[in-house]
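**Student:** next comes the sequence, and after it the predicted model I'd like to discuss.
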Amino acid sequence: MSPLKLAGISKRFFGVYANQDISLSVAKGRVLGLIGENGAGKSTLMNIIGGVHQPDDGNMTLNGQPYAPRKPADAAHHKIAFIHQELNLFSNLSIAENIFIDEFPKRAGFIDRRTMRARSRELLASLDLDLAPSTPAGQLAPGERQLVEIVKALHSDAQLIIFDEPTTSLTARETQRLFKVIAQLRDEGRAIIYISHILSDVLKLADDIAVLRDGRLTGSGPKDDFDIHKMITLMIGRELEQLFPERTPYDVSEPQQTTLEVRGISEPGIVKDISFEIQQGEILGLFGLMGSGRSELARILFGLDRAQQGEIILNGQHLHNQSPAQSIAAGMAFVTEDRRAEGLMLEASIANNISLVALDAYAHTPLRVLADEDLLTASSTTAQSLKLKSGNIRSQAAKSLSGGNQQKVVISKWLLSEPVLFIVDEPTRGVDVGAKFEIYSIIAELAAAGNSVLFISSELEELIGMCDRILVMSQGELQTAFDPPFEQTSILAAAFREELPA
């Protein structure tokens, strides 16, 4: 039986279709994988199901009855729960208080905390979560917070649970735990909608798949009817012959100018005796499991954090224990892994974001008055060179862009400072496959122009597809370096510190 059916759903904003004539259903005890590029209409469709928006055309039924929610509370009343990418727990409240936030049990006019704790323990145990109900949510790891969100859904007896990009901030181990829980929910007879840009995960989890492009349903059916190639073609409307751009292989035998030299960087408990070099025009990959010290090393290199020992030499200039401003002045750029919190001013315009790093270069007069028009022209030129999809960059806020276009704004910001070294940490996190290819192409073009790139990623496939060499970190130490042709098993074994059989 299909608890939720959508028939001919359409939604327009200012005359433009966000969803057009969408018909699909999700069955009890099955997982529907919903995929599409950013801007394909997934969020609008979920907001219609959740009562945030109302459709202009079409109708929905839930368990055979008409379903027309006017507000999110209507969806919750009908036992529909959303597990969002941006988690909605109150960090200052306990697990139990978050679970019962919508309605606290009462006894004699007072909150019945004994009942809250007992019921919370029962719900947590159902997901094998060994957590005390009194634990503040702010003390939980991202994977634990995700599972507590699911516990909230179980408390409300949700029969349809919608997961929106749930693995974005999770480690590999936390992701596997989440997948196990989703399988458990499906086996209990609940209907699941799973939205993700990670197509291999969708194939692993889903029983059925639906693909959106430009607000329309371009394909749907059982998982067995799909493979990665078909999913990508339906998403982007064209054949994607390769996932990574072609680039001239880096010739390690030819002498090159050394852009970055790192010697013996150590900070107790963080990184230990890290040494490596990056040559001009090289894309050097840095791989490791969560907690390996990859991002911590990047922050030290850029001057955000300090190291007790070691040297950082950029184009012959010693930079150890420098400030970020000194790193920028020396020619270093840092594309952080958390673009929304650290890479962008979300409320500011696109133009203001792009110009941020280059302000000093455009303050020409003795009074340091900013040459606004020159800076706007340079920002526009850079945005166009990266094929940024936006409206007026002077007025449109960065927060309104898709994930892939937000990342382009971050990269544009650094291009204006004309760096020689780009440190890019998880540059394709949370963006769709089409936008990933565009970002890969930008990185390849940077290297072709003579820039050096330190490419940090937890997705080994993209490092293999993009990099000239790959370094592997584990527990704060550099394990080994790999030259092409890359062998995935060997790289993973190094990350896990395992010896492969001879």
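**Tutor:** Nice, thanks for sending it over.
**Student:** in terms of secondary structure, what does the host helix or strand of Asn59 contact?
**Tutor:** Taking DSSP states H and E as the criterion, Asn59 maps to strand 57-62. Packing partners of strand 57-62 (3 or more Cβ pairs under 8 Å, 6 or more residues apart in numbering; DSSP states H and E): strand 4-13, strand 16-26, strand 65-67. C-betas here are computed from N, CA, C, even on glycine.
**Student:** dump those into JSON lines; add mean neighbour count, distance to Arg145 and mean pLDDT as well.
**Tutor:** Shown next, in JSON lines, are the helices and strands packed on strand 57-62 (neighbours: other Cβ atoms under 10 Å; distance: least, Cβ to Cβ, whole Å; pLDDT from 0 to 100):
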{"stretch": "strand 4-13", "mean neighbour count": "18", "distance to Arg145": "26", "mean pLDDT": "92"}
{"stretch": "strand 16-26", "mean neighbour count": "18", "distance to Arg145": "25", "mean pLDDT": "90"}
{"stretch": "strand 65-67", "mean neighbour count": "12", "distance to Arg145": "30", "mean pLDDT": "93"}
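**Student:** nearest to Ile48, of those?
**Tutor:** strand 4-13 (6.3 Å; Cβ to Cβ).
**Student:** what's the average pLDDT for stretch 161-169?
**Tutor:** Stretch 161-169 comes out with an average pLDDT of 80.
**Student:** scratch that, stretch 468-476 is what I was asking about
**Tutor:** For stretch 468-476, the per-residue pLDDT averages 92.
**Student:** again, but for stretch 392-412
**Tutor:** Rounded mean pLDDT across stretch 392-412 is 85.
**Student:** re earlier: strands paired with the strand holding Asn59, and their directions?
**Tutor:** Applying DSSP bridges, strand 57-62 is found paired with strand 4-13 (antiparallel), strand 65-67 (antiparallel).
**Student:** contacts for the first one, please.
**Tutor:** Outside of strand 4-13, the residues within contact range by Cβ atoms under 8 Å, 6 or more residues apart in numbering are 17-26, 44-45, 48-49, 53, 55-62, 67, 80, 160, 191.
**Student:** other SSEs contacting the helix or strand of the chain with the lowest mean pLDDT?
**Tutor:** Lowest mean confidence among the helices and strands of the chain (mean pLDDT, DSSP states H and E): helix 142-155, at a mean of 80. Helices and strands touching helix 142-155, by 3+ Cβ pairs under 8 Å, 6+ apart, are strand 80-83, helix 95-99, helix 113-126, helix 172-187.
**Student:** go again with 10 Å.
**Tutor:** strand 80-83, helix 95-99, helix 113-126, strand 160-164, helix 172-187 (3 or more Cβ pairs under 10 Å, 6 or more residues apart in numbering; DSSP states H and E).
**Student:** in a markdown table: those, plus mean neighbour count.
**Tutor:** Shown next, in a markdown table, are these (neighbours: other Cβ atoms under 10 Å):
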| stretch | mean neighbour count |
| --- | --- |
| strand 80-83 | 24 |
| helix 95-99 | 24 |
| helix 113-126 | 17 |
| strand 160-164 | 23 |
| helix 172-187 | 16 |
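**Student:** and those: which comes nearest Ile393?
**Tutor:** strand 160-164 (27.9 Å).
**Student:** sheet partners, orientation included, of that closest one?
**Tutor:** When DSSP bridges is applied, strand 160-164 pairs with strand 80-83 (parallel), strand 191-195 (parallel).
**Student:** next, format these as TSV and append distance to Ser458.
**Tutor:** Formatted as TSV, these follow (distance: least, Cβ to Cβ, whole Å):
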stretch	distance to Ser458
strand 80-83	21
strand 191-195	20
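**Student:** which one of those strands has the lowest average pLDDT?
**Tutor:** strand 80-83 (a mean of 86).
**Student:** I am finished for the moment; much appreciated.
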